[in-house]
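1. Next one to model:
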Amino acid sequence: MDVAIVGYGAVGKEIEKEMLKKGIDDIYTIDKDITKNANFKSVSEFTRLVGPTSAIGADVYIICVWSQEQVLDVVKETKLRNKPLISIETTCVPGTYQKVKEIVKERANVVVFPERWNPNDMNHGIFNQPRVMGGDYEAGRKFYLRYMLWENIIIADKPELAELCKIVENAYRYVTIAIAEELKMLIGENYDELRRLCNSKWNIELKEARDGIDGACLPKDFKLFNEIFPKNTLLFKFAHIVNEEYVRRKKEPIE
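-> Just a heads-up that it's a prediction; the model follows:
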């Protein structure tokens, strides 16, 4: 089976690495950024250079780009012969699945399957933990069962809930870290010990307060959450302000 991974950033590379361990599919990587060292610069180039003269394309397209706009651009360029599976592993706003289906109609199966992955954490890799899937899940589950356990593919009732799930997960995590930052600003150097004591209670899990909330996913998804829900309560809006203040104070010189 030919599998094309579109978007060869950190997630795309990790997916390829884990798939190659199984050795059951032919994996091709695609990214317009030549510094990423993918096999191809575009889906159309991949189609021209791989497979029979009929330019059949891949059996599965795993999309790991950055935004809904980029997802749609990829889909418009994709060959849809033999009804391939299109798996959207990109974190994207609700409605992306529906827009993709409007483009492909019945010529492809489409699933929303947002990645879950914690780098350098062997217990929370690409394929060895529960993940949420929505859309044409029968076709999606059939493919991913080559790499995952049945119980780790969690089916959403509606594809838009699978799309929203990753955004809400990270927005919630952002807020819980901001709470930890607020507490550390209030309590000071005793926070870590207080956290240890509080977390001895079965229903308490205070987060660490490190150097501020950064990285690619949390800030992006938190921003998406506030764009999707502009009328949300003050808690989610002020978490960003708390983080900025925490980072500012961390940078202040010690007297």
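2. Can you find which helix in this protein contains the most residues?
-> Looking across the chain with DSSP state H, the single longest helix is helix 159-187.
3. And that one, what's buried?
-> 159-160, 162-167, 169-171, 173-175, 177-184 (16 or more other Cβ atoms under 10 Å). Every residue, glycine included, has its C-beta placed from N, CA and C.
4. any idea of the mean pLDDT in it?
-> For helix 159-187, the mean per-residue pLDDT is 96.
5. tell me what that helix is packed against?
-> If you count contacts as 3 or more Cβ pairs under 8 Å, 6 or more residues apart in numbering; DSSP states H and E, helix 159-187 packs onto helix 96-104, strand 109-112, strand 131-135, helix 191-198, helix 217-228, helix 234-251.
6. Can you give me the domain assignment for the chain?
-> 2-156, 163-251 (automatic domain parsing).
7. how far does the last one sit from the chain's center?
-> Going back to what we said before, that points to domain 163-251. Relative to its parent chain, domain 163-251 has a centroid offset of 19 Å by Cα atoms, centre = their mean, to the nearest Å.
8. if you compare the domains of the chain, which one is most tucked away?
-> Ranked by mean neighbour count under mean count of other Cβ atoms under 10 Å, those are led by domain 2-156, which reaches a mean of 18.
9. any idea what sits nearest the residue nearest the centre of the chain, other than its immediate chain neighbours?
-> For the chain, E115 is the residue whose C-alpha lies nearest the centre (Cα atoms, centre = their mean; 4.0 Å). Take E115 and drop its neighbours on the chain: the residue closest to it by Cβ to Cβ, 6 or more residues apart in numbering is E89, 4.7 Å away.
10. Hmm, that neighbour is touching I63, no?
-> Yes - with contact defined as Cβ atoms under 8 Å, E89 and I63 form a contacting pair (6.4 Å).
11. Tell me the gap between stretch 152-166 and the middle of its chain.
-> 12 Å.
12. residues in contact with it?
-> Stretch 152-166 has contacts (Cβ atoms under 8 Å, 6 or more residues apart in numbering) with 91-98, 111-114, 116, 127-135, 137, 140-141, 144-145, 221, 228.
13. Recalculate using a threshold of 7 Å.
-> The contact list for stretch 152-166 (Cβ atoms under 7 Å, 6 or more residues apart in numbering) reads 91-97, 112, 114, 129-135, 137, 141, 144, 221.
14. quick check, D211 in a helix?
-> No - counting by DSSP: H, G, I helix; E, B strand; the rest coil, D211 falls outside a helix, being coil.
15. Quick one, grab the pLDDT at it.
-> 92.
16. what ranges do the strands span in the stretch 1-150 of the chain?
-> Assigned by DSSP state E, counting those that start in this stretch, the stretch 1-150 of the chain shows strands spanning 2-6, 26-30, 60-63, 85-88, 109-112, 131-135.
17. Flag the shaky bits of this structure, pLDDT-wise.
-> Counting by pLDDT under 70, the ranges of the chain that qualify are 50-56, 253-255.
18. tell me the contacts of D25?
-> D25 touches M1, V3, M19, counting by Cβ under 7 Å, 6+ apart.
19. Likewise for M185?
-> Y246, R249.
20. mind checking how far it is from W117?
-> 31 Å (Cβ to Cβ, to the nearest Å).
21. again with F229
-> Where W117 is concerned, F229 sits at a distance of 25 Å (Cβ to Cβ).
22. With E163 instead?
-> In terms of Cβ to Cβ, E163 sits 18 Å off from W117.
23. From R131, how far out is the closest residue to V111 other than its chain neighbours?
-> Spatial nearest neighbour of V111, excluding adjacent residues (Cβ to Cβ, 6+ apart): G140 at 3.4 Å. According to Cβ to Cβ, G140 stands 11 Å off from R131.
24. Mutual contacts of the two, please.
-> Common neighbours of G140 and R131 (Cβ under 7 Å, 6+ apart) are F113.
25. Quick check: the residue nearest to the centre of the chain touching T90?
-> No - checked against Cβ atoms under 7 Å, the pair E115 and T90 is beyond contact range at 8.3 Å.
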